[in-house]
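Chemist: Need a 3D model of the sequence below.
(one chain, ligands or ions: 2)
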Amino acid sequence: MAKEPLRVLVTGAAGQIGYALVPMIARGVMLGADQPVILHMLDIPPAAEALNGVKMELVDAAFPLLKGIVASTDAAEACKGVNVAVMVGGFPRKEGMERKDVMAKNVSIYKSQASALEQHAAPNCKVLVVANPANTNALILKEFAPSIPEKNISCLTRLDHNRALGQISERLSVQVSDVKNVIIWGNHSSSQYPDVNHASVKTSSGDKPVRELVADDAWLNGEFISTVQQRGAAIIKARKLSSALSAASSACDHIRDWVLGTPEGTWVSMGVYSDGSYNVPAGIIYSFPVTCKDGEWKIVQGLPIDDASRQKMDATAAELVEEKTLAYSCLA
Ligand SMILES: NC(=O)C1=CN([C@@H]2O[C@H](COP(=O)(O)OP(=O)(O)OC[C@H]3O[C@@H](n4cnc5c(N)ncnc54)[C@H](O)[C@@H]3O)[C@@H](O)[C@H]2O)C=CC1
Ligand SMILES: O=C([O-])CC(=O)C(=O)O
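Modeler: Ligands and ions are numbered 1, 2, ... in the order given. Predicted structure coming up:
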């Protein structure tokens, strides 16, 4: 029997990630090739005409799984009954703006959209925040939507995770699909810690540790980490625009694994509300290694952490604690 359609909200749908993301969702990349969807797209009034253009293109593409489109500049209407919410809408940094100015704009957007989701989304709606500062926007959304369970609110660090897989695959000339279990710890910012200490590569003689195969700790502890940390900036330099297709694809990976489960023996990175695991301060949204089953994520426990990793994990946590304080001062 055909499945009932799921309603998927994309905010900032007239922007560049939105433009890459909505056709992926309508093709079944996010929720599966047998899962019909109704797309809800939200943007702000100045983008209404562009949003309507995206809607026209979705109609023209005649996606068999796409059972309806809601395109709106009204948050309450856009959030109505949504099962999945991908929050891409936000205010990008403009020339001359301080970090605090960007933070102020975005946290107030996430505060008001928290209320719209809380009041209008379907019960058990899963929320993924993509817009920067992604971890702190997700935290604000969580704080101002107290009736949404905290386990349902996450932020995107899967792009960083996929970037780390990509770098290892290039370095070893192996298929990216044979590399697994890298970890992104912390913030989706240049303080993040891409960790390969538990990562492995599938070979003809079984899984082998990435450290053993690369056999170059100086590269793994230096250039590899900074390349992943700085990849967003490198894309902006090359394209004069920030990552869009890779961000959209990673957002699909994030939701797909969360809803449909991670493969046996594989974990992924998700920004989730810290419960104090690995001595990360509770009360921030921090990227951890997680496995997913039956629509629930669980932090992978018990991984040994060496001193060098500890320092990097603590530094990115400290940045998130500072961002939290800054965000609250913007809302005061
Ligand atoms: N977490 C991650 O891995 C990544 C995050 N990003 C972030 O994603 C966000 C979106 O990036 P792009 O699509 O390239 O930006 P964009 O500027 O092309 O699109 C943003 C869209 O959001 C809309 N918007 C602004 N305020 C809104 C509101 N209150 N409600 C609904 N929509 C609103 C804008 O009108 C625009 O259409 C940025 O914050 C960017 O920094 C980008 C790449 C990766
Ligand atoms: O750096 C940016 O503004 C875009 C971003 O988050 C990324 O590409 O990781």
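Chemist: Can you name the residues that contact residue 246?
Modeler: Going by C-beta atoms under 8 Å, 6 or more residues apart in numbering, residue 246 touches 159, 162, 163, 235. For every residue, glycine as well, the C-beta is placed using N, CA and C.
Chemist: Out of these, name the ones that lie in strands.
Modeler: Among the contacts of residue 246, no member is found in strands (DSSP state E).
Chemist: Farthest pair within those residues?
Modeler: 162 and 235 (12.9 Å; C-beta to C-beta).
Chemist: Am I right that residue 325 sits in a helix?
Modeler: Yes: applying DSSP: H, G, I helix; E, B strand; the rest coil, one finds residue 325 inside a helix.
Chemist: pLDDT score for it?
Modeler: Note on residue 325: pLDDT of 95.
Chemist: Numbering from 37 from now on, please.
Modeler: Right, with 37 as the first residue, what we last looked at is residue 361.
Chemist: measure whichever residue of the chain sits closest to ligand 2 to residue 185 for me?
Modeler: Residue nearest to ligand 2 within the chain: residue 268 (2.8 Å; C-beta to the nearest ligand atom). Residue 268 sits 30 Å away from residue 185 when distances are taken as C-beta to C-beta, to the nearest Å.
Chemist: again with residue 39
Modeler: Counting by C-beta to C-beta, the gap from residue 39 to residue 185 is 24 Å.
Chemist: got a list of what the residue nearest to residue 184 when sequence neighbours are not counted touches?
Modeler: Spatial nearest neighbour of residue 184, excluding adjacent residues (C-beta to C-beta, 6 or more residues apart in numbering): residue 154 at 5.8 Å. Each residue near residue 154 by C-beta under 8 Å, 6+ apart is listed here: 180, 181, 182, 183, 184.
Chemist: rewinding a little: what about burial for the contacts of residue 282, which qualify?
Modeler: 195, 198, 199, 271 (16 or more other C-beta atoms under 10 Å).
Chemist: Now stretch 334-341: buried residues?
Modeler: 335, 336, 339.
Chemist: Domain parsing of the protein, as residue ranges.
Modeler: 42-191, 193-364 (the TED database).
Chemist: just those: most buried one?
Modeler: domain 42-191 (a mean of 20; mean count of other C-beta atoms under 10 Å).
Chemist: tell me the contacts of the residue most central in space within the chain?
Modeler: Against the mean C-alpha coordinate of the chain, by C-alpha atoms, centre = their mean, the closest residue is residue 192 at 1.4 Å. By C-beta under 8 Å, 6+ apart, residue 192 lies in contact with 164, 165, 166, 170, 224, 283, 286, 287, 290, 307.
Chemist: Put the alpha carbons of stretch 223-236 into CSV.
Modeler: Taking C-alpha atoms only, stretch 223-236 is exported to CSV below (Å, rounded to 0.1, in the frame of the first residue of the first chain):
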residue,chain,number,x,y,z
ASN,A,223,30.7,23.6,16.7
HIS,A,224,30.0,24.0,12.9
SER,A,225,32.8,26.6,12.8
SER,A,226,36.5,26.6,12.3
SER,A,227,36.9,25.4,16.0
GLN,A,228,35.3,22.0,15.1
TYR,A,229,37.5,19.0,15.7
PRO,A,230,37.5,16.5,12.8
ASP,A,231,38.8,13.2,14.5
VAL,A,232,40.0,10.2,12.6
ASN,A,233,41.2,8.2,15.6
HIS,A,234,38.4,5.7,15.3
ALA,A,235,37.9,5.8,11.5
SER,A,236,38.5,2.9,9.2
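Chemist: and that stretch, is it in reach of ligand 1?
Modeler: Yes: against ligand 1, stretch 223-236 shows contacts by C-beta under 6 Å from any ligand atom at residue 224.
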